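Asker: coords please:
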Amino acid sequence: MRPRGYTTPMAAGLRMTYKVERCSPMTERPKHSLLGASGAERWMACPGSVALLQELRLPETDEPDYTREGNALHEAAEHCLRTDADTWEIVGQTFHETVIDEPMALAVQMYLDHVRPLALASSAFHIEFPVSSPVHELFYGTLDFAAEHPDSLDIVDLKGGKGIIVDPDDNPQEKYYAFGLIDKHPEWPDTMEVRLHIVQPRGFSTLGPVRTWSTTVGEIREWVHDTLVPAMFRTEYDNTLDPGPWCRFCPAKLVCPMLTSLFGAASKADPGAIVNLNDQSLGRSYQYLQAVEFYIKAMKDETLRRGLSGHAPPGTKIVNKKANRVWSPGAADLAKAKFGEKALTTAEVKGPAAIEKLPGGAEFVREHAHTPQTGYTVALESDPREAVIVQTASEAFGNIAKAIQEIE
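Answerer: As a prediction, the model looks like this:
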């Protein structure tokens, strides 16, 4: 049976002969599902990526949280929660072949400080809890932390990444995990509140390292049955490859037929011809830029990896990164002795971000800081920033002329 709301659209786009293999009752399923939560953004938008990854025997994602250090943070957090320890006690200990240093310990402690009050206030809580559902045989995974309350539910996801800020708003990975727990409780009413938390201690966000978004049990159930599950079944017959932001963590970037085609087209295109594109063609091409940039980064990383292993690809070589000169030991004192005050820099007030970290700094920054207008840039329609209404010169002068006529 197909889930309610399921339809069978015509498959479109780039076709391949790959086939998604499903687990038989006698087959032990992999630790990470081909249709797991961490890759949901990708396979929901690019169904062909599932068969491609399976054919190439690649993991479902190369997201930073799947690297050794990310796994170490999760293992350390689980250890502390289960043993009621704080992270100062585990500095120097090894988790997932990684020694926990002080910065890593501080990151984990922020996570502990957030989830422990939730656990104390809950009727039941779960640590590294396996979830699954009969809505699809590949619906399974492990959530970081959940706390059940009489009238609400908290789902918390620890992110160890530094560069990519994760937003909890309508986050498919967190909604996936939430449903894995919700599905075990059919008695929970649709109106019950569900709070999705992202704890990302090492990534800078203007919203802070802990971000929360609220929804309801009913909204998550509807999303799973009307959106998620149809997307899961779609991967069984639709090999469409659709590039987008989700390509960032796809392990198949360098061998993806769609991305290699886009890169080839971009490398051979005439930049001067761009001004002749109509608005529709330019907008469609612009949406592929980000995916091509991910491909280029992956190519640079792979070329560096081979070069460092002693096998630099033809036409490339390993060189030192550019760096600014620094003083040798003892040179600073010699410079002050020789040049006096001329060798010293002038003290300046720290920026708003640094002042915000001081006691009482957050309130001071809110009152006295502002974000200046520095110009415009282009973003995709999916970007959360509000669009700017740009007025052309003819429109501006036309409005002025109209206002004058009305006065006269």
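
Asker: can you tell me the SS state at residue 153?
Answerer: strand (DSSP: H, G, I helix; E, B strand; the rest coil).

Asker: roughly how far does it sit from residue 41?
Answerer: The gap separating residue 153 from residue 41 is 22 Å, by Cβ to Cβ, to the nearest Å. All C-beta atoms are positioned from the backbone trio N, CA, C, and that covers glycine.

Asker: same deal with residue 344?
Answerer: 50 Å.

Asker: who's more crowded, these two?
Answerer: Neighbours were counted for residue 344 and for residue 41 using other Cβ atoms under 10 Å; residue 41 has more, 18 against 11.

Asker: the more buried one touches residue 173, doesn't it?
Answerer: Yes - the criterion here is Cβ atoms under 8 Å, and residue 41 meets it with residue 173 at 7.2 Å.

Asker: need phi/psi at the residue nearest to the spatial centre of the chain.
Answerer: Centroid-nearest residue in the chain, with Cα atoms, centre = their mean: residue 166, separated by 4.5 Å. Main-chain torsions, residue 166, degrees, to the nearest 10: phi -100, psi 130.

Asker: so which elements touch the helix or strand where residue 300 lies?
Answerer: Assigned by DSSP states H and E, residue 300 belongs to helix 289-308. With contacts taken as 3 or more Cβ pairs under 8 Å, 6 or more residues apart in numbering; DSSP states H and E, helix 289-308 sits against helix 257-268.

Asker: domains for this structure, by residue range?
Answerer: 64-234, 252-308 (automatic domain parsing).

Asker: the residue nearest to the centre of the chain reaches residue 199, doesn't it?
Answerer: No - taking contacts as Cβ under 8 Å, residue 166 lies outside contact range of residue 199: 9.7 Å.

Asker: overlap in contacts, these two.
Answerer: Shared contacts of residue 166 and residue 199 (Cβ atoms under 8 Å, 6 or more residues apart in numbering): 157, 159.

Asker: still on that earlier bit, how near is the residue nearest to the centre of the chain to residue 338?
Answerer: From residue 166 over to residue 338 (counting by Cβ to Cβ), the distance is 50 Å.

Asker: again, but for residue 210
Answerer: Counting by Cβ to Cβ, the gap from residue 210 to residue 338 is 49 Å.

Asker: compare these two (neighbour count), which wins?
Answerer: Each of residue 210 and residue 338 has its neighbours counted (other Cβ under 10 Å); residue 210 has more, 17 against 9.

Asker: and the helices in this protein?
Answerer: Taking DSSP state H as the criterion, the chain carries its helices at 40-45, 48-55, 68-83, 102-120, 172-182, 217-223, 229-234, 257-268, 279-286, 289-308, 331-339, 352-355, 361-368, 393-407.

Asker: which of those helices has the lowest average pLDDT?
Answerer: Lowest mean pLDDT of the helices of the chain: helix 393-407, a mean of 62.

Asker: first residue to last residue on stretch 261-276, what's the distance there?
Answerer: By Cα to Cα, to the nearest Å, the extent of stretch 261-276 from end to end equals 22 Å.

Asker: which parts of it are buried?
Answerer: Buried residues in stretch 261-276, counted by 16 or more other Cβ atoms under 10 Å: 262, 263.

Asker: please report the distance of residue 301 from residue 295.
Answerer: Counting by Cβ to Cβ - residue 301 and residue 295 are separated by 11 Å.

Asker: tell me which of the two has more neighbours.
Answerer: It is residue 295, of residue 301 and residue 295, that has more neighbours when counted by other Cβ under 10 Å, with 22 against 12.

Asker: pretty sure residue 253 sits against residue 263.
Answerer: No - using Cβ under 8 Å as the test, residue 253 is too far from residue 263 to be in contact (9.9 Å).

Asker: not counting sequence-adjacent ones, nearest residue to residue 212?
Answerer: With Cβ to Cβ, 6 or more residues apart in numbering as the measure, residue 197 is the residue that lies nearest to residue 212, at 5.0 Å, once sequence neighbours are left out.

Asker: mind listing what the one you found touches?
Answerer: For residue 197, the contact set (Cβ under 8 Å, 6+ apart) comprises 114, 154, 155, 156, 157, 168, 210, 211, 212.

Asker: which one of those sits closest to residue 132?
Answerer: Nearest to residue 132, judged by Cβ to Cβ, of the contacts of residue 197 is residue 155 at 15.5 Å.

Asker: circling back: most neighbours out of the contacts of residue 197, which is it?
Answerer: Highest count within the contacts of residue 197 by other Cβ under 10 Å belongs to residue 155, 28 neighbours.

Asker: which residues does that residue contact?
Answerer: Taking Cβ under 8 Å, 6+ apart, we find residue 155 in contact with 143, 145, 146, 174, 177, 178, 181, 194, 195, 196, 197.

Asker: leaving out chain neighbours, which residue sits closest to it?
Answerer: residue 178 (4.7 Å).

Asker: also residue 254?
Answerer: Using Cβ to Cβ, 6+ apart and skipping the chain neighbours, the partner closest in space to residue 254 is residue 298 (5.2 Å).
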